[in-house]
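In: What follows is a predicted protein model with its sequence.
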Amino acid sequence: MSEIPKSHPRYESLMTRKKISDAMKKGLVHETGLIAHGRGEAFDYLIDEKTTVFADDACKAAAAALLIAENPIISVNGNVVALAGKECTDLSNLIPCKIEINLFHRTKERMKKLTNEMIGFGLKNVYGNKADARIPNLEHDRGLCDKEGIFSSDVALVPLEDGDRCQALKFMGKKVITIDLNPLSRTAKTADITIVDNVIRAIPNIEKWVRLLQKEDKDKLKNLVDSWDNPKMLGDVCDFVSKRLKSLF
Ligand code: PTJ
């Protein structure tokens with residue numbers, strides 16, 4: 001493929017596409033990950049490809065939840081590793097928390113490649129390979145997980161998550177934080193805290209809030225989490241998008 005000129009008005013978006021398509025060729029991203037990415041791009045358009053005040057507030061609540069957690073974890077899939085693997089590693093070191101690879105389309109080969117990719121980003125312990133536990137009520141390999149990983153976690157950050165698994169994690173009693181550009185998805189509606197933003201912007205933004213909040217009193221952080229109203233925020237995002245679209249023409 002010929003070089004994309006920096007002067008192209010969609011340079012960043014095209015480079016991100018290249019990143020995800022290269023990762024698919026390397027066997028990191030599943031082929032349907034490209035379709036998921038396209039859907040994400042469409043929703044990103046609707047918010048002008050910028051972090052909204054609602055997403056920023058959600059990142060703040062997410063940071064607070066991760067900081068007060070006893071056993072927090074970040075779950076990553078192929079798309080997340082390709083787009084924000086290094087940023088997830090940095091965030092996990094800062095909180096600190098575990099990272100587990102949880103795949104929808106799980107194969108031994110992809111698990112191995114993604115594990116090596118995360119090790120390359122500096123992650124010391126990669127969870128997900130033991131697969132010595134199962135998320136209840138989830139048939140198929142996507143229910144496999146690590147006992148010492150997501151299975152025993154109390155707060156789980158699950159970006160680009162499948163709706164079924166998000167519901168199953170909630171059913172296990174976990175506090176679930178997601179990052180999903182689609183405010184209408186089942187995952188967005190099921191999670192406790194939904195960050196309606198691109199994972200590329202959201203992970204560094206959570207990191208920003210972790211730095212700002214890490215010395216705060218635990219009670220204050222707990223209040224922040226307890227007062228978070230996810231359905232209201234989703235309504236506000238939809239309102240924002242509809243007003244924005246009406247104002248354009
Ligand atoms: O690597 P695997 O095997 O675990 O597979 C991962 C994918 C993403 C293929 C799988 O989980 C899947 O099919 O996901 P869905 O059900 O298509 O959901 C992906 C959601 O993430 C959709 O609502 C998209 O709008 C949203 N999304 C896509 N790209 C981004 C995004 N949200 C935030 N940032 C993105 N870059």
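Out: Received, thanks.
In: remind me, longest helix of this protein?
Out: The residue-count maximum for a helix in the chain (DSSP state H) belongs to helix 230-248.
In: Give the other helices and strands that it contacts.
Out: Counting contacts by 3 or more CB pairs under 8 Å, 6 or more residues apart in numbering; DSSP states H and E, helix 230-248 packs against helix 31-46, helix 53-68, helix 186-190, strand 193-195. Where C-beta positions appear, they are placed from N, C-alpha and C, glycine not excepted.
In: and among those, the most buried is which?
Out: Looking across those with neighbours counted as mean count of other CB atoms under 10 Å, the highest average goes to strand 193-195: a mean of 29.
In: Quick check: what element follows that one along the chain?
Out: Secondary structure here is assigned by DSSP states H and E; on that basis, the next helix or strand after strand 193-195 toward the C-terminus is helix 199-213.
In: so whichever helix or strand comes after that following helix versus helix 53-68, what angle?
Out: Elements were assigned by DSSP H and E; along the chain past helix 199-213, the next helix or strand is helix 218-226. If you take axes from the mean of the first three to the mean of the last three CA atoms, to 10 degrees, helix 218-226 sits at 130 degrees to helix 53-68.
In: Pull the longest helix of the chain out as PDB, backbone CA atoms only.
Out: Written as PDB, here are the backbone C-alpha positions of helix 230-248 (Å, rounded to 0.1, in the frame of the first residue of the first chain):
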ATOM      1  CA  ASN A 230     -25.100   5.900  33.800                       C
ATOM      2  CA  PRO A 231     -28.600   5.900  32.200                       C
ATOM      3  CA  LYS A 232     -28.800   9.700  32.500                       C
ATOM      4  CA  MET A 233     -25.300  10.100  30.900                       C
ATOM      5  CA  LEU A 234     -26.300   7.900  28.000                       C
ATOM      6  CA  GLY A 235     -29.400  10.000  27.500                       C
ATOM      7  CA  ASP A 236     -27.300  13.200  27.600                       C
ATOM      8  CA  VAL A 237     -24.900  11.700  25.000                       C
ATOM      9  CA  CYS A 238     -27.900  10.900  22.600                       C
ATOM     10  CA  ASP A 239     -29.300  14.400  23.200                       C
ATOM     11  CA  PHE A 240     -25.900  15.900  22.400                       C
ATOM     12  CA  VAL A 241     -25.600  13.900  19.200                       C
ATOM     13  CA  SER A 242     -29.100  14.800  18.000                       C
ATOM     14  CA  LYS A 243     -28.600  18.500  18.700                       C
ATOM     15  CA  ARG A 244     -25.200  18.400  17.000                       C
ATOM     16  CA  LEU A 245     -26.700  16.800  13.900                       C
ATOM     17  CA  LYS A 246     -29.600  19.300  13.800                       C
ATOM     18  CA  SER A 247     -27.200  22.200  14.100                       C
ATOM     19  CA  LEU A 248     -25.100  21.100  11.100                       C
END
